Each structure stands twice: as C-alpha cells, then as structure tokens.
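Asker: my questions concern the predicted model and sequence given below.
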Amino acid sequence: MLSLLRNVEAISASRNRAKLHYTLLRTVSLLLGGKADVGIFACAPQGEATLRLCSGPTIMNSALALWPPLLDQVRSDGRDITRVVHGRVCGALMLQASELGGEPLILAYGTDHGPQSKPADEVSGEIAVLARIYGNQIRLLDYSELDSLTRLLNRKTFDETFDRLLTPPTPDDDEVMDERRHAAQNDSPAWLAVIDIDHFKRINDSFGHLFGDEVLLRMGELMRKTFRSGDRLFRFGGEEFVVLLNAPDEAQALATFERFRVSVESHPFPQVGTVTCSIGFTAVAETDVPTDVVGRADEALYFAKDNGRNRVSCYERLLGDGLIARKEEAPAGTDFDIDALFDLK
Ligand SMILES: Nc1nc2c(ncn2[C@@H]2O[C@H](COP(=O)(O)OP(=O)(O)OP(=O)(O)O)[C@@H](O)[C@H]2O)c(=O)[nH]1
C-alpha cells in the first residue's frame, strides 16, 4: 500500500513525459498486483495501435488477439472499457491528450480474475483515478512547456530539448524516441529559422496591444497550419518565433519558409489588415549549440530586415554570395570573455 502511494505521488512529481509514462505503468501494475500486464499504446487516428511501453509478460503475447478490438473501441467512442475475458479482467482507457500534439495514448491492462479478486468495476474505477492524476500532470507539463498566448513551445523548452532533438534516440528513453520520431523517420538535415514580424511596434502603436496580441495569436495558427506536425514551433517571446524542421536541402527549406512568408502576407489580420514577416534560417549541425545556431539565423534575419523586410534569407547562401561575413562562434566551453565584458584588459 505504501509503495502504491509513493508511486501515486511519483506520478504527480514526474518532471518529464518519459518518467510520467513509466511511473503510471508501474503504479497501475502495482495496483493490479500479481500477474498483471499493463501497456501504453499510441494510436494514430487512422493507423494501427503501437505499443510504446509495457510491463508484464503476457499482455504482449495476448496483445495481438485481444487488444486491437478493445483499443479500436476505446478510440472510436472514447469510453473506458472493462471486460472479463478468459478469467482475466481486461480494460482500456484513453489517456488525456497532450496539447503538444502527438498521437493519443491508450492505457490497457489485464489481470487474473478469481473469486478473491476485486470486482472488475472497482479495478476500472481505481485505474481511472490514476489516469486522472496522469491527466493533471500532463496539463502541468504542457503549461510549463508552452507559451501562454500562442500555445506554441516556449524558449525554455527550446533550450532544454535542443540537444535531444539533434542526437539519435537511445532505446531506453521513450520520450526521446517520441521527440525524435519525425527526425528519425526522415533523416534529412535540420534547419532552424527565426521569424520576426515586420514593424510590430507600429502595429501596437496604431491599433493597441490587444490587436497586437491577436496578430501574435494568428501567427501561431498560421505556423501550425503551414508547417508539418513533426516540425517544432516555438515563440521566443515578443514578436519572434522559431521553427526547427527537417528538409533534404537548402532549396526545399527555403521553399517551406517562403510558403509561410506568403501565407502571412496574404492573411487578412482583423483590423490590422496586411502583416508581413522577415525570416532568417540556417542549417543545423549535430555539434551546434543553441546560441550559435540561433545567432546564425538571426544574422540572416538582420539581412532580410535591412534589405526590404518581408523576405527569407539563408545564412549559408548569404555567406556563399559574400553578402555577409562569417559569424564568430564561441569555442566550446567558453560562453563569453568576462574580462572583455567588464573592459578589464
Ligand atoms: N502586443 C504585444 N506586443 C509585444 C509583445 N511582446 C513584445 N511586443 C512589442 O513588440 C514590439 C517590437 O518592436 P521592435 O523590436 O522595435 O521591432 P519592430 O517594430 O517589429 O520592427 P522590425 O523588427 O525592425 O521590423 C515592441 O513594441 C514590443 O513592445 C506581446 O506579447 N504583445
């Protein structure tokens, strides 16, 4: 009982999604005791359910025969299911979806059912309580990772996940696997763009902050519509946004950012009318640190701003064409020269 309570507490204390899923699994199997099987399945709307995490030897043996119909039913009407099948209580329920997207998750379980066992509805009631604690925690994680106005990822999330997005997934880290899913399927190079609304101060000054905020909100919506679901979309604060995407080459990355630029330019913003944005982008190398890569994209963005705005510039292309000088990057391990900063030399 004590360890179950500890695990319930651990669900509420999980600071990342991988830990949260693992703890939920452990807690449910502890609750069911004995020879319980528990699994978390990801269910793409049209695709098959894929097992993401499991504990217990037989859920997966019986998974092929037993789970698909249960999972399909939960997915189609969204209601919890509990059944006694071949002397086992089997159940499945939808977990609270994360606002960060990704496929919906289903928790499925099976446990022996004998004369001494708890009634099936009691079992499902207890598991539903755990799923609610999970739901609260997912909302909290979303809250700390999202920008409150646009619901895009925030700067803190960028800094914390940048390394993981660029390094290959490790088999024992489910969260990394999830985050890398897009990149792993598509081993195209990564590109980072900084997007900045043109003359945003003017918009605020002419129409007021409320309409300025509406422009920011619509920018977020346009980003979600224009970029693919596997691309990572951030608001860095103010009127600055960042996109991290995979594209096979510079031309295709450019075409994607151009498409976004045009969609902003042609969107009728309420009251404000036409709004444009400037975009600077750069190739992301595996050894890059966030400040360097954002610095290069910023450099290309300044060029776009200085050369008429409402345009997309690529750092490597500007460099190749001799239009900008190479940006000095900090050698590894030295963030800045503190003596120079305070003019002590
Ligand atoms: N409405 C609103 N305004 C914001 C927010 N954050 C920053 N701003 C405003 O965004 C404006 C940014 O202005 P500048 O950095 O001068 O740039 P700009 O006017 O967009 O000009 P260029 O970037 O050179 O095209 C400032 O007026 C900020 O007050 C926000 O969350 N909401």
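Answerer: It's in.
Asker: up against the ligand, what does this structure have?
Answerer: 196-202, 204, 209, 212-213, 216, 238-239, 305, 309 (Cβ under 6 Å from any ligand atom). Where you see a C-beta, it was placed from the backbone N, CA and C, and this is true even at glycine.
Asker: so of the residues you listed, which ones are in strands?
Answerer: With DSSP state E as the criterion, strands contain 196, 197 from among the residues of the chain next to the ligand.
Asker: and the residues of the chain next to the ligand, which of them are buried?
Answerer: Neighbour-count burial (16 or more other Cβ atoms under 10 Å) applied to the residues of the chain next to the ligand gives 196, 197, 198, 200, 204, 212, 216, 239, 305.
Asker: any idea how far the residue in the stretch 201-345 of the chain positioned nearest to the ligand lies from residue 195?
Answerer: Closest residue of the stretch 201-345 of the chain to the ligand, Cβ to the nearest ligand atom: residue 212 (2.7 Å). Computed with Cβ to Cβ, to the nearest Å, the distance linking residue 212 and residue 195 is 16 Å.
Asker: hmm, back to that, got the buried ones among the residues of the chain next to the ligand as TSV, with pLDDT columns?
Answerer: Shown next, in TSV, are these (pLDDT from 0 to 100):
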residue	pLDDT
196	98
197	98
198	98
200	97
204	96
212	96
216	97
239	95
305	98
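Asker: strands along this protein, start to end?
Answerer: 37-43, 49-55, 81-85, 88-94, 105-112, 190-197, 232-237, 240-246, 277-284, 312-314.
Asker: so who does the nearest residue to residue 300 once chain neighbours are set aside touch?
Answerer: Closest residue to residue 300 apart from its sequence neighbours, by Cβ to Cβ, 6 or more residues apart in numbering: residue 280 at 3.1 Å. By Cβ atoms under 8 Å, 6 or more residues apart in numbering, the contact set of residue 280 is 193-194, 297-304, 312-315.
Asker: neighbour count and pLDDT for the residues you listed - can I get that in JSON lines?
Answerer: Converted to JSON lines, the contacts of residue 280 look like this (neighbours: other Cβ atoms under 10 Å; pLDDT from 0 to 100):
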{"residue": "193", "neighbour count": "26", "pLDDT": "98"}
{"residue": "194", "neighbour count": "26", "pLDDT": "98"}
{"residue": "297", "neighbour count": "25", "pLDDT": "97"}
{"residue": "298", "neighbour count": "18", "pLDDT": "97"}
{"residue": "299", "neighbour count": "20", "pLDDT": "97"}
{"residue": "300", "neighbour count": "27", "pLDDT": "98"}
{"residue": "301", "neighbour count": "25", "pLDDT": "98"}
{"residue": "302", "neighbour count": "15", "pLDDT": "97"}
{"residue": "303", "neighbour count": "18", "pLDDT": "98"}
{"residue": "304", "neighbour count": "24", "pLDDT": "98"}
{"residue": "312", "neighbour count": "24", "pLDDT": "98"}
{"residue": "313", "neighbour count": "26", "pLDDT": "98"}
{"residue": "314", "neighbour count": "26", "pLDDT": "98"}
{"residue": "315", "neighbour count": "24", "pLDDT": "97"}
